[in-house]
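> From the sequence below, what's the structure:
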Amino acid sequence: MAIKVYSTPTCKWCNVLKEHLDSNNIKYVDVDVSKDTKGALEMIKKSGQRAVPVIDIDGNIIVGYDKEYIDKLLDAS
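Numbering: from 1, shown residues only. This is a model prediction of the structure:
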(Lines give C-alpha, C1' and ligand atoms only; values in the text may rest on other atoms or scores of the structure.)
Protein backbone atom coordinates (compact mmCIF):
# COMPACT_ATOMS: atom_id res chain seq x y z
CA MET A 1 0.00 0.00 0.00
CA ALA A 2 1.37 3.39 -0.99
CA ILE A 3 0.19 6.40 1.00
CA LYS A 4 1.24 10.00 0.44
CA VAL A 5 -0.01 12.92 2.53
CA TYR A 6 0.28 16.44 1.15
CA SER A 7 0.24 18.87 4.03
CA THR A 8 1.58 22.01 5.68
CA PRO A 9 2.86 22.30 9.26
CA THR A 10 0.22 24.89 10.22
CA CYS A 11 -2.79 22.94 8.90
CA LYS A 12 -4.91 21.62 11.78
CA TRP A 13 -6.59 18.89 9.69
CA CYS A 14 -3.25 17.80 8.22
CA ASN A 15 -1.99 17.19 11.75
CA VAL A 16 -5.20 15.37 12.74
CA LEU A 17 -4.84 13.14 9.66
CA LYS A 18 -1.19 12.32 10.40
CA GLU A 19 -1.97 11.63 14.08
CA HIS A 20 -4.72 9.23 12.95
CA LEU A 21 -2.33 7.39 10.64
CA ASP A 22 0.44 7.34 13.26
CA SER A 23 -1.90 6.02 15.97
CA ASN A 24 -2.80 3.12 13.67
CA ASN A 25 0.85 2.42 12.75
CA ILE A 26 0.21 3.24 9.10
CA LYS A 27 3.31 4.23 7.17
CA TYR A 28 3.06 7.17 4.78
CA VAL A 29 5.19 9.73 3.00
CA ASP A 30 4.56 13.29 4.16
CA VAL A 31 5.05 16.04 1.58
CA ASP A 32 5.25 19.56 3.07
CA VAL A 33 3.83 21.56 0.17
CA SER A 34 4.80 24.84 1.87
CA LYS A 35 8.46 23.98 1.20
CA ASP A 36 8.32 21.44 -1.64
CA THR A 37 7.29 23.17 -4.89
CA LYS A 38 7.50 19.96 -6.90
CA GLY A 39 5.32 18.21 -4.33
CA ALA A 40 2.80 21.07 -4.38
CA LEU A 41 2.53 20.87 -8.16
CA GLU A 42 2.13 17.08 -7.96
CA MET A 43 -0.69 17.55 -5.41
CA ILE A 44 -2.49 20.09 -7.62
CA LYS A 45 -2.17 17.80 -10.64
CA LYS A 46 -3.59 14.83 -8.71
CA SER A 47 -6.39 16.65 -6.89
CA GLY A 48 -7.11 19.82 -8.82
CA GLN A 49 -6.90 21.57 -5.44
CA ARG A 50 -4.50 23.88 -3.65
CA ALA A 51 -6.04 23.14 -0.25
CA VAL A 52 -4.55 20.66 2.20
CA PRO A 53 -4.68 17.98 3.37
CA VAL A 54 -4.70 15.80 0.30
CA ILE A 55 -4.08 12.11 0.75
CA ASP A 56 -3.25 9.60 -1.98
CA ILE A 57 -3.98 5.99 -1.02
CA ASP A 58 -2.96 3.72 -3.89
CA GLY A 59 -4.17 6.28 -6.43
CA ASN A 60 -7.37 7.16 -4.56
CA ILE A 61 -7.25 10.92 -3.96
CA ILE A 62 -9.03 12.40 -0.94
CA VAL A 63 -9.19 16.14 -0.35
CA GLY A 64 -9.66 17.01 3.30
CA TYR A 65 -9.88 14.76 6.32
CA ASP A 66 -12.63 12.26 5.54
CA LYS A 67 -11.90 9.72 8.28
CA GLU A 68 -14.59 7.23 7.29
CA TYR A 69 -13.51 7.08 3.63
CA ILE A 70 -9.83 6.95 4.56
CA ASP A 71 -10.47 4.07 6.98
CA LYS A 72 -12.55 2.28 4.33
CA LEU A 73 -9.67 2.50 1.83
CA LEU A 74 -7.13 1.41 4.43
CA ASP A 75 -9.26 -1.60 5.42
CA ALA A 76 -9.70 -2.61 1.77
CA SER A 77 -5.94 -2.65 1.16
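> Mind jotting down where the helices sit in the protein?
12-23, 37-47, 67-76 (DSSP state H).
> Switch those helices over to CSV; also include mean neighbour count.
In short, each C-beta sits where N, CA and C put it, glycine included. CSV is the format used below for those (neighbours: other C-beta atoms under 10 Å):
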stretch, mean neighbour count
helix 12-23, 15
helix 37-47, 15
helix 67-76, 13
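> For N60, which of those is the nearest?
Closest to N60 of the helices of the chain is helix 67-76 (C-beta to C-beta; 5.4 Å).
> by contact count, what packs against the closest one?
On a contact count with 3 or more C-beta pairs under 8 Å, 6 or more residues apart in numbering; DSSP states H and E, helix 67-76 meets helix 12-23, strand 54-57, strand 60-63.
> Run me through the strand neighbours of the second one, direction for each.
Using DSSP bridges, the strands paired with strand 54-57 in its sheet are strand 3-7 (antiparallel), strand 60-63 (antiparallel).
> deepest of the ones you listed, which one?
Most buried of the strands paired with strand 54-57, by mean neighbour count (mean count of other C-beta atoms under 10 Å): strand 3-7, with a mean of 22.
> angle of that one against helix 37-47?
110 degrees (axes from the mean of the first three to the mean of the last three C-alpha atoms, to 10 degrees).
> pLDDT averaged over strand 3-7, what's the number?
Strand 3-7 shows a mean pLDDT of 98 in the predicted model.
> Beta-bridge partners for I61, please?
Under the criterion used (DSSP bridges), I61 bridges to D56.
> State the pLDDT value of it.
At I61, the model reports a pLDDT of 97.
> got it, and E19?
For E19, the predicted pLDDT is 97.
> which residues sit in contact with it?
For E19, no contacting residues are found, by C-beta atoms under 8 Å, 6 or more residues apart in numbering.
> measure it to Y65 for me?
E19 sits 10 Å away from Y65, going by C-beta to C-beta, to the nearest Å.
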